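Engineer: Below are the sequence and a predicted model; questions follow.
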Amino acid sequence: MLLRRVPRAVAIARGVATGRGDRKLLLRQLFEPVSCTFTYVVADARSRDAVVIDPVLETVPRDLKLLRELQLNVRWAVNTHVHADHVTGSGSLRAALCCPTAISGASGARADRLLGEGDELPFGAFALRVRPTPGHTPGCVTLVLDDESAAFTGDALLIRGCGRTDFQRGHTVSTVGEEKRLNPRLTLSPDDFVRVMEGLALPRPRIMDVAVPANLRCGIQDDVA
């Protein structure tokens, strides 16, 4: 999920190049309907350097087609955490594009780069900064654009919810301030939050036993460090 902090990000969510000064950001929000996963392509519109966030294995051909059409050079394929509801496409992108993969070191997964608090993933004149946000999984991170105009939270924070993607419908973009005011879970006391989360009785993700082992290996590849 993309959380927006400033009005100009409305244009970003629609895929329009925007920016401040001599920087121009290009963003595409892509959707995989089976696992209800959002994949983000974030790029420097001038240099064409890009980062792909949370790719899905089944939609890698679609993503590669878009990357070619937009003439983007992928500098990183990064996962916000070890997903349980789909197999990541980061390994497949690495094989196709020779781009390094990245994930939190706290995730226990393999990748070319293991991320920690304060690390940055540079692309052109921009960078994504790593902020650990454990809860949904121990290795969840939020990737914050270096001017703090956008945050990619994975499943740690959802629109009017948290922790799962497969029960969220209709809304695709929110803001930090909006969620702090209106999210029915974030407005609870810590004790009430724990009580609500423990009482959800959510079903086990359908392909968890396949997805988690694969994602701990960064997807389909076998040769990451």
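Structural biologist: Happy to help now that I have it.
Engineer: low-scoring stretches of this protein, by residue?
Structural biologist: Low-confidence segments of the chain (pLDDT under 70): 1-21, 164-168, 170, 220-225.
Engineer: hang on, residue 193 in a helix?
Structural biologist: Yes. Secondary structure of residue 193, determined by DSSP: H, G, I helix; E, B strand; the rest coil: located in a helix.
Engineer: Apart from its chain neighbours, what residue comes closest to it?
Structural biologist: If you skip the residues right next to it in sequence, residue 193 has residue 185 as its closest partner in space, 6.0 Å away by CB to CB, 6 or more residues apart in numbering. Glycine gets a C-beta too; all of them are placed from N, C-alpha and C.
Engineer: residues contacting that neighbour?
Structural biologist: By CB atoms under 8 Å, 6 or more residues apart in numbering, the contact set of residue 185 is 161-162, 193, 196-197.
Engineer: do residue 133 as well
Structural biologist: Neighbour list for residue 133: 140-142, 153-154, 156-157 [criterion: CB under 8 Å, 6+ apart].
Engineer: And these, which is closest to residue 61?
Structural biologist: Checking the contacts of residue 133 against residue 61 with CB to CB, the nearest one is residue 154 at 23.0 Å.
Engineer: Mind checking what secondary structure the closest residue to that closest one other than its chain neighbours has?
Structural biologist: Excluding its sequence neighbours, the residue lying closest to residue 154 (CB to CB, 6+ apart) is residue 80, at 2.8 Å. With three-state DSSP as the basis, the three-state label of residue 80 is coil.
Engineer: Next: residue 38.
Structural biologist: Local secondary structure at residue 38 is given as strand here, using three-state DSSP.
Engineer: just residue 121 next, same as before
Structural biologist: Recorded secondary structure, residue 121: strand (three-state DSSP).
Engineer: How about the one 10 residues further on?
Structural biologist: Residue 131 carries the three-state label strand when classified by three-state DSSP.
Engineer: how far away is residue 143 from residue 186?
Structural biologist: 20 Å (CB to CB, to the nearest Å).
Engineer: Of those two, give the one with the bigger neighbour count.
Structural biologist: Relative neighbour count places residue 143 above the other of residue 143 and residue 186, with 27 against 14, counting by other CB atoms under 10 Å.
Engineer: Quick check: bridge partners of residue 128?
Structural biologist: With DSSP bridges applied, residue 128 shows beta-bridge pairing to residue 121, residue 145.
Engineer: Sorry, wrong one. I was asking about residue 78.
Structural biologist: Beta-bridge pairing of residue 78, defined through DSSP bridges, involves residue 53, residue 102.
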